[in-house]
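# Here's my sequence, what's the structure:
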Amino acid sequence: MDITRAAIKNASGVGIFIAILTFLGLYSLMNLPIQLFPDIERPNINIQTSWRAASPQEIESEIIEPQEEVLQGLPGLESMSAWANQGNAWINLQFSLDTDMQQTLIEVISRMNRIPPLPRDALSPNITLSGSGDDMPALTYFFLQRLPGNPNEINTYTTYFADVIKPQLESIPGVARAQMQSGVGGEEEFQIVFDPFKAAQLGIDLTSVTNMLGTANDVSGGFVDVGRRRYTLRFEGKYEPQRMGEMILEWRDGSPVTLNDIAEIKITRADSANASVQNGNPAISIRIDRQNDANVLATLEAVKERVDEINASELAPQQLVMVQSFDASVFIYRAVNLVTSNLFIGVALAIGILWLFMRQLRATLIVALAIPISLLSTFVVLQITGRSLNIISLAGLAFAVGMVLDAAIVVLENIVRKNKQINNRMDAAYTATKEVFGALVASTATTVAIFVPVMFLSDVEGQLFADLALTIAIAVSISMVVAVTVLPVVASRWMGQDIPEDKLVPLWRTITNKVMALSSTGMRRVVLVLVLMGVPIGGSFMLMPSMDYLPPVKRDAVDAFLNLPAGASENFVADEVLPLVVERLQPYMDGEKQPALKNYYIITWPNGGTLGVRAQDQSKVKELEAVVRDEVLKDLPDTRAFAQQGNLFGGFGNGRSIAIHLQGTDQDGLSVAAQAGLDKIREVFPTANARPNPPLEQAEPELQFYPNDNRMVEVGLNRGRMANLVRSMGDGMYVGEYFDGVKRMNIIFRSETWDTPEQLSTLPITTPTGEIVQLGELVDIERAVGPSRIQRVDGKRTLTLNFNPPEGMSLEEAMTKVKSEVEPAIMAMMPPDGAINYGGSADSLKGAIASMADNFLFAMILLLLLMAGLFKSLKDSALVVLSIPLATVGGIIAIRIMNTFMFQPMDLLTMIGFIILLGLVVNNAILLVHQTRLGQQEGLSRDDAVKQAVELRLRPIFMSTLTSIFGMLPLLLLPGAGSVIYRGLAAVIVGGMTISTLFTLVLLPTLLRMSTADFGIKPREEKAGGMTTATAKLNKFTDLN
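The predicted structure is shown next:
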């Protein structure tokens, strides 16, 4: 079907189609989800198992090791990390992107069912998908806090939140769930708190009490037939909460001794070291997750409106308020508005360049039609494919502004030329478009095909860049369709004949003569080729900047991390650490000191915590970082802390992190080696905030009970009963579960609190024989230390040293120093079976560079094959490919120039620019080779054909190049929120196209004049047939003359 002829004959239909497309584009634009970054999928399965009051060593041996054993060998499993903390076990399974996660989840559940039964008071493992398409990303955080005059503890409002606030938040369109995260204390428990002295006074054996509590359950006796009826037999052995205290423990002197006589029974929350403070007030942190297809900005606005309503109607009478923490919409608006303004400025600049060359308003506007139609059509495709409108896809549209004009320029210039030869405008438009149709298809194919390798990039970078590649590919493809359908219709009916003559013709001839003079002799040609190819290749290697992973995108907030002392009690944190931090921040919160704060929060957990601070003036974030580091966190009691500006790529594993994993069986030897490495890191990178994970010192205080077997047996006890007794003296012993029809609560049997180990040792115990002894007679109590946390990677105990390179230092440069200075210091102290592995962004960068190199080679081969099909000559295709080093060195020089003004590493997004360059810079070389071949077919000598090609193609080459460069220039030059993401990419493309255009005009004619032996083309029918596509490509940029 001839779509160009059909379009010209049915102009009204084309107009209606454009109107429909405009409506669909605007509708898609209004309904596309708006967010900062594309959704990033990193398939993970998390397994969490809680075992109340268990130590990290017990967690490791009884829970983690059995789970690791059955999980090894899962299909697609890339890494397995595990952590054992006090009372909790976590295992993270990371899979390759092509893994079927639903099937894998089923397999994980199946394997977990093979594990032997867990300890009685351990909860069933919680297995969840995370980081995949089914995972719900965080939308925002709020803090629920008391208003002045509210006398209640904030953690007493957890039920109120669950019953009243949570349903209202989760009913908002786009919200997946709202959940409390910290500041709520532990889970609610049914606690039986006994007094050891009362129990001893009444002669109650505590070990028998735990047995009685554990066996007081409802039991079914099956069925029994009585006459014509069948009855279910049930023993109602479970006590109701209000009657639990009536449990009879002993019968003494004709009177019962009940549980009430020795214990207090209450429903309360378990002890927890988690605490939250916002703006100086105790608070409950609330995380709100969005649905994957939700519009971030619209959902955020709806959440804020609903919270305002809840604050006014529900919380004010309760003397409560919900306050938002970090508002992501502020940064999203700034970043999206910046790239959108860059796009419009780029459009204006590209149109301005068009006008400078064409000097006719109608012709300029006809070509410019390709921009809105292509962009609106791209929005439709993004909507259909389920993509979002984010800073990456918008940057892709901005990059495409100049590129979508190429096909329109080709068609319009040919129409102008044909109008001078054919009187009928419609015939002229059809003939001109038909001549270049094949060339447009081929040119578009080479441009679009170059983005195919980007689609094959794996991990975070592939998903991040996919939106960029897809957006440009869609826009360029649609621009070709617009050029052969819409533009001929408009040009045949609206474009006038008064297009001025090209006043730069003398300039083009002067440049042509100088180019030909440079390569006039064989020696000059040899020298030029060696210089123009050798210098760029050598310069690329010499000037290549060091590599980085992801751009350092910073938030206008400061994040601080607290390493609390091992074994820090809840009282220590609440009485000594939190008040001091709050006191130091208060003058900044009140505006008495600068920079004034907008808000802050503190969240703590066992042995750690985090502080987030935001200034009212976002430009003062660096000043705020210094205040937090040098004043707020200085000399905290027994606490190490560091602060840094928040990183927006933290959600992707932090764009600039290095993790050094030390693995081996000798933990003491690993600790010594890790300490040596830590000291060396702090020496080599003084501001890097290096930290070990887990802590190197065995500093978690423990009270270890060693049984006195002789004495225990003498009084009728054994190790099992003694272990239960010791457990009840601590956090308590799990003796059962209570279900009230709505929720379940653990029943915990525990002692009243005691102050010192010496006091514990003197507690009286009634033995099964009736004798009263002190606990210290039955066990020896010794103070010791143990690990606060145990980490395992791929089934091996691991110590990790984490740090971020200092600002201004790339990840590759930092890794070079690590390998040359830090690693030898570690290996010198490493035990014989020890090994070092690297993780974090450093490990991701290594894999990404290898993948990028493979895809760059793939792109080169793809281009070579496409051009070989176009030229019907592998030799001519090779000539075109030889122009690529000029573009490469141009991009590298641009990065080097940028680094004289600001830090601009060669991150992965910048590297993508070199792949995009391949599809852009070869077009100029294609034009020159095609025109030379055509000139020789018309009977010109080789030198004359080369000269004609240069003279005819200079104007369209400069026109196309300048529209592309000026369309991208705002992305390179205009600073603002998120501009660091695409600034390096823009620099590479602008620099590469500039250098390549200037020097290709010298290199290609020189190469073409050197190829004397096989370049002559006989006008045989077979060759002529093979030149159909080449001839069309030749006319891509036809001179107006």
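# how about residue 547, phi and psi?
phi -90, psi 150 (degrees, to the nearest 10).
# if I read this right, it contacts residue 844, doesn't it?
No - distance between residue 547 and residue 844: 11.5 Å, which falls outside the contact criterion (C-beta atoms under 8 Å). (C-beta placed from N, C-alpha, C; glycine too.)
# How much space separates the nearest residue to residue 818 once chain neighbours are set aside from residue 843?
In space, and not counting its chain neighbours, residue 818 is closest to residue 658: 6.6 Å by C-beta to C-beta, 6 or more residues apart in numbering. Per C-beta to C-beta, to the nearest Å, residue 658 is found 9 Å from residue 843.
# So which of the two has more stuff around it?
Using other C-beta atoms under 10 Å as the criterion, residue 658 and residue 843 rank with residue 658 on top: 26 against 19.
# my guess is the more buried one meets residue 844, correct?
No - at 10.7 Å, residue 658 does not count as touching residue 844 under the criterion of C-beta under 8 Å.
# May I see the buried residues of the longest helix seen in the chain?
If you go by DSSP state H, the chain has its longest helix at helix 459-494. Burial within helix 459-494, assessed by neighbour count using 16 or more other C-beta atoms under 10 Å, is assigned to 459-492.
# I'd like the average pLDDT over it.
Per-residue pLDDT over helix 459-494 has a mean of 85.
# same thing with stretch 416-435?
Mean predicted lDDT for stretch 416-435 stands at 83.
# Check stretch 984-1001 too.
Mean pLDDT, computed over stretch 984-1001, is 87.
# List the buried residues in it.
With burial defined by 16+ other C-beta under 10 Å, the residues of stretch 984-1001 counted as buried are 984-997, 999-1001.
# Which members of those are positioned in helices?
984-997, 999-1001.
# Please parse this protein into its domains.
Domain assignment for the chain by automatic domain parsing gives 3-31+332-504+529-549+847-1034, 42-132, 188-269+716-770.
# closest to residue 692 out of the ones you listed?
Among the domains of the chain, the nearest to residue 692 by C-beta to C-beta is domain 42-132 (13.9 Å).
# could you show me where the helices are in the stretch 251-400 of the chain, in order?
Along the stretch 251-400 of the chain, the segments classed as helices by DSSP state H, counting those that start in this stretch run 259-262, 296-310, 328-358, 361-368, 370-384, 391-403.
# Could you tell me the angle between the last one and helix 328-358?
Calculated by axes from the mean of the first three to the mean of the last three C-alpha atoms, to 10 degrees, helix 391-403 forms an angle of 0 degrees with helix 328-358.
# how about the strands of the stretch 1-150 of the chain, start to end?
Applying DSSP state E, counting those that start in this stretch to the stretch 1-150 of the chain gives strands spanning 44-50, 77-85, 88-95, 126-130, 138-146.
# can you put the ones you listed in JSON lines and add distance to residue 319?
Shown next, in JSON lines, are those (distance: least, C-beta to C-beta, whole Å):
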{"stretch": "strand 44-50", "distance to residue 319": "33"}
{"stretch": "strand 77-85", "distance to residue 319": "35"}
{"stretch": "strand 88-95", "distance to residue 319": "34"}
{"stretch": "strand 126-130", "distance to residue 319": "35"}
{"stretch": "strand 138-146", "distance to residue 319": "6"}
